[in-house]
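Trainee: What follows is a predicted protein model with its sequence.
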Amino acid sequence: MYLTDRSAPAGADTERGRRRGLRPKVAPVVLVLGTVSLITDISSEMVTAVLPLYLVTTLGFSPLGFGALDGVYNGVSALVQLTGGHLADRARNHKLIAGLGYGLSALCKPLLLLTSSIGALGTVLALDRTGKGLRTAPRDAMISLSTPSDRQGRAFGIHRAMDTTGAMLGPLAAFLILNAAADGYDAVFGVSACVAVLGVVVLVLFVPGRRQDTVPDGAGTLHDAPTDAAGAPQGRPPVRVREALALLRLPRLRALAGCAALLGLTTVSDAFVYLLLQRRAGLAEEWFPLLPLGTAVVFLLLAVPFGALADRIGRHTVFLAGHMALLTAYALLLWAPATPALPFLVLALHGVFYAATDGVLPAALSATVPEHLRASGLAIVGTSQALARFCCSLGFGAAWTVWGYGPALAGSAVGLLCCAVVAGMVLRPKDGTG
Amino acid sequence: MTTEPKRNQMTPLRRRLIVLVTAVLLLAGLGTGMVLRAADRADRANRPQAGGPAVSGGKVTLGQKDRLMFVNAAAGPHRTAVASVPSTEPGSGRTASDLKCARFYAAAGTGVCLQSDTGVLKQNNRALLLDSDLRTRHTYSLAGTPSRARVSPSGRFVAWTVFVSGESYASAFFSTRTSVLDTRTMKLTPSLETFAIDLDGRSYKAADVNYWGVTFAADDDTFYATLNTDNKTYLVRGSLSRQTVTTLIENVECPSLSPDGTRVAFKKRVLSRTDLWREYVLDLRTLKETPLAERHSVDDQATWLDDETVAYALPAEGKVGASDLWSVPANGTGTPRLLIAGASSPAPL
């Protein structure tokens, strides 16, 4: 659900931000985008919850061959994120690109009904991932651009909390439908499609688009040029790839992307964390499917307070503290006795990790990336993090094979500690709070 | 963008709200319609259908020789119930028990039934160990969706495979877990993954090992199964007492040992990365493979009706989610024959 391809890194603040006196606490766009994400996540998690069941019981698949495509999907999604970010900046229309992404995923839901071979199903799911990759960076850019820089953490926290709420409601909806209609997978996919369409409708109706009429040509010179939620100041030549790539020359962005990747390299994927937890705590197997729920609940509850805290005490600090929570969770998995409290503690720390990092990283970027390149910048950081985590999954799997899970996790923990120390030094605030 | 834009870029709020409400009503109507239609269809499946096979409730036991047991899929109140027909007349009227299963197998007075209910947050899956009267002796919670079930010829050992899935949409994290139960000592081996592996003559260890589709030999020690690791599937021969497995050949799934113990029927993936399997029989002495006459893709663990015939489920034509049982000669000759329409999980007694 919230794991794979989020944009990531942490950033700092600048002096803009307190431009106007009276501002609502949250920009309406953030709430609207949060609502769109909530609705869309209900839709996609409905499918997630029943897809294995559907594959096995209705289509009679042995879904193992299918799992092999997983890595491909993650790679696709991460690379598409870069494309989405760049296109959004280039078209100067974040809403359009995000809308295409949401629309593509919505289209995929009814297609699930028409496919009955693994190849076709794999294609549909890949398209769905493409949609997700496409929309992530422009959506985060819209959140970022609509929010004064001293409230970025809070805004992203609100968005992530709403997003996760949707992720938790999805399975509930799916199983309610299956209870009402035995074997009603077609109904689950159909309703999921309707819900996804509703998300697109809300986006189209309530997210402000590009302003054609705001500022006439040359308005870039206007002091305080109102940057709109959707895009960049007008009157600029279109953003070229070269310009987006030049972002990498910004030391601060490079530092953030580097640290996100570095930490991502030692962030063991959720599936492994749950597997280890189950083994260490001796949990009965039927509880396994509920473990991600524990993480999600904590993430949901803490996303906003941690975002606000990040705005106050510094995003880098909170971002690194989140990784310390993850490190503590590793330590518990390694050394704590198998008490009944262990699963709760580990899941709570895992949720804290997400709450302190998932929205805080893009929030931290706001101060670093110029507005007309915001989506590209978010995508660069997000992609580096996603690819790093993917490498970590491969490496961790291999280490588990060779040394067993204890040493593999111990290795990750040591790696995480080292990376966190390096990141702590690299990200040390130079100009005010981070 | 912190204040509502009043410029003409957007229609006035009221008009947008009207569009939203209309969309919500339309989509809610559409969604409700689909759920109601599915509910109605599920309802109809639980009523007998004209032209369907005759199914009557009655006493079904594992002691009835010369009968073929299966999970009934014909529409009506006995849908998904364990049922039986005379082996010599598989097309005749079915006798259905009260026991409902997703997957079933039985041998020598021991039965196993895998069940799956959808709960509120997740599915609840169970394995039931059954006595000869199909009464539950013991219940085991399962970690995932029921897939395969087998009982050893003597009735002493029971094995089942489930698909464990987790996580996120399209993250497609699947693995299988295969458990073996000794019904004499009631000792459960939760996962074969703890067994030592001899792969092509070398000791092998990996985190991505999965097993499925156990089939037992008559000696109550030897078993065959599919081992999957590193995107390859192998046929393995295992020993329950020594807790070891040895790979024999590649690209073998869901083996099923013949009653005389000399051959294994299995499904072979004929095109990599696709869901296209053909049913083969492997001679265990010569390792010679013989393709069977069935030309459809078989995704089932076949069952030997006798030393010359295997049975397996195929998707029923035109009916999503339903299957028919077919049989075909085990030597590669002949043609497939419809054994029982609307049925799965065959188990000859």
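Mentor: Perfect, I can see it now.
Trainee: where does the residue lying closest to A:Val201 once chain neighbours are set aside land in three-state SS?
Mentor: Once flanking residues are discounted, A:Val201 sits nearest to B:Ala23: 4.6 Å by CB to CB, 6 or more residues apart in numbering or on different chains. Just so you know, the C-beta spots here come from the backbone N, C-alpha and C atoms, and that holds for glycine as well. State at B:Ala23, reduced to three classes by DSSP: H, G, I helix; E, B strand; the rest coil: helix.
Trainee: show me the contacts for B:Ala23.
Mentor: B:Ala23 is in contact with A:Val197, A:Leu198, A:Val201, counting by CB atoms under 8 Å, 6 or more residues apart in numbering or on different chains.
Trainee: got it, and A:Trp403?
Mentor: A:Gly411.
Trainee: again with B:Ser258
Mentor: By CB under 8 Å, 6+ apart, B:Ser258 lies in contact with B:Val264, B:Ala265, B:Trp304, B:Asp307, B:Ala330.
Trainee: The second one: helix or strand, and which one exactly?
Mentor: In the assignment (DSSP states H and E), B:Ala265 maps to strand B:263-269.
Trainee: Any chance you could list what contacts that strand?
Mentor: The contact list for strand B:263-269 (CB under 8 Å, 6+ apart) reads A:65, B:215, B:224, B:233, B:235, B:251-258, B:276-284, B:289, B:292, B:298-300, B:302, B:304, B:310, B:330.
Trainee: one more time with 6 Å, if that's ok
Mentor: The contact list for strand B:263-269 (CB atoms under 6 Å, 6 or more residues apart in numbering or on different chains) reads B:224, B:251-257, B:277-283, B:298, B:302, B:310.
Trainee: Quick one, which of the contacts of B:Ser258 are buried?
Mentor: Using 16 or more other CB atoms under 10 Å in any protein chain shown as the burial test, these include B:Val264, B:Ala265, B:Trp304, B:Ala330 as buried.
Trainee: low pLDDT regions in the stretch 151-300 of chain B?
Mentor: Counting by pLDDT under 70, the stretch 151-300 of chain B has low-confidence residues at B:165-174, B:272-275.
Trainee: Could you pull out the strands in it for me?
Mentor: All strands of the stretch 151-300 of chain B, identified by DSSP state E, counting those that start in this stretch, fall at B:157-165, B:174-182, B:187-189, B:196-199, B:202-204, B:210-216, B:222-229, B:232-239, B:244-250, B:253-257, B:263-269, B:277-283, B:289-291.
Trainee: Relative to the whole chain's centre, how far out is the last one?
Mentor: How far strand B:289-291 lies from its chain's middle: 23 Å, per CA atoms, centre = their mean, to the nearest Å.
Trainee: and B:Asn72, bridged to which residues?
Mentor: Beta-bridge partners recorded for B:Asn72 (DSSP bridges): B:Ala343.
Trainee: Confirm for me that it is in contact with B:Ser84.
Mentor: No - contact between B:Asn72 and B:Ser84 fails when scored by CB atoms under 6 Å: they sit 9.4 Å apart.
Trainee: These two: which has the busier surroundings?
Mentor: When B:Asn72 and B:Ser84 are compared on other CB atoms under 10 Å in any protein chain shown, the one with more neighbours turns out to be B:Asn72, at 28 against 24.
Trainee: got the contact list for the more buried one?
Mentor: Neighbour list for B:Asn72: B:His78, B:Ala81, B:Ala83, B:Arg94, B:Ala96 [criterion: CB under 6 Å, 6+ apart].
Trainee: Keep only those of those that are in strands.
Mentor: Members of the contacts of B:Asn72 lying in strands (criterion: DSSP state E): B:Ala81, B:Ala83, B:Arg94, B:Ala96.
Trainee: can you name the two of the residues you listed that are farthest apart?
Mentor: The most widely separated members of these, counting by CB to CB, are B:Ala81 and B:Arg94 (9.1 Å).
Trainee: helix, strand or coil for A:Asp163?
Mentor: helix.
Trainee: any idea how far A:Leu301 is from it?
Mentor: 14 Å (CB to CB, to the nearest Å).
Trainee: And for B:Thr194, nearest residue in space, chain neighbours not counted?
Mentor: Distances taken as CB to CB, 6+ apart put B:Gln243 closest to B:Thr194, at 7.1 Å, once the chain neighbours are dropped.
Trainee: just A:Leu387 next, same as before
Mentor: Once flanking residues are discounted, A:Leu387 sits nearest to A:Ala78: 5.3 Å by CB to CB, 6+ apart.
Trainee: What are the phi and psi values at the residue of the stretch 101-250 of chain B found nearest chain A?
Mentor: Using CB to the nearest CB, B:Ala143 is the residue of the stretch 101-250 of chain B that sits closest to chain A, at 3.2 Å. The phi/psi pair for B:Ala143 (degrees, to the nearest 10) reads phi -80, psi -10.
Trainee: likewise A:Phe206?
Mentor: Here is the backbone geometry of A:Phe206 (degrees, to the nearest 10): phi -110, psi -10.
Trainee: buried stuff in the helix or strand harbouring A:Ala386?
Mentor: Assigned by DSSP H and E, A:Ala386 belongs to helix A:374-403. By 16+ other CB under 10 Å, the buried positions in helix A:374-403 come out as A:374-390, A:392-393, A:395-397, A:399-401.
Trainee: The closest residue to A:Cys259 other than its chain neighbours: how many residues sit nearby?
Mentor: In this structure, A:Cys259 finds its nearest non-sequential neighbour in A:Ala423, 4.0 Å apart by CB to CB, 6+ apart. For A:Ala423, the count of nearby residues is 23 (other CB under 10 Å).
Trainee: any idea which helix or strand carries A:Ala423?
Mentor: For A:Ala423, the element it lies in under DSSP H and E is helix A:405-426.
Trainee: Just the buried positions in that helix, please.
Mentor: Buried-residue list, helix A:405-426, by 16+ other CB under 10 Å: A:405, A:408-413, A:415-417, A:419-420, A:423-424, A:426.
Trainee: Out of those residues, which is nearest to chain B?
Mentor: Comparing those against chain B with CB to the nearest CB places A:Tyr405 closest, at 7.6 Å.
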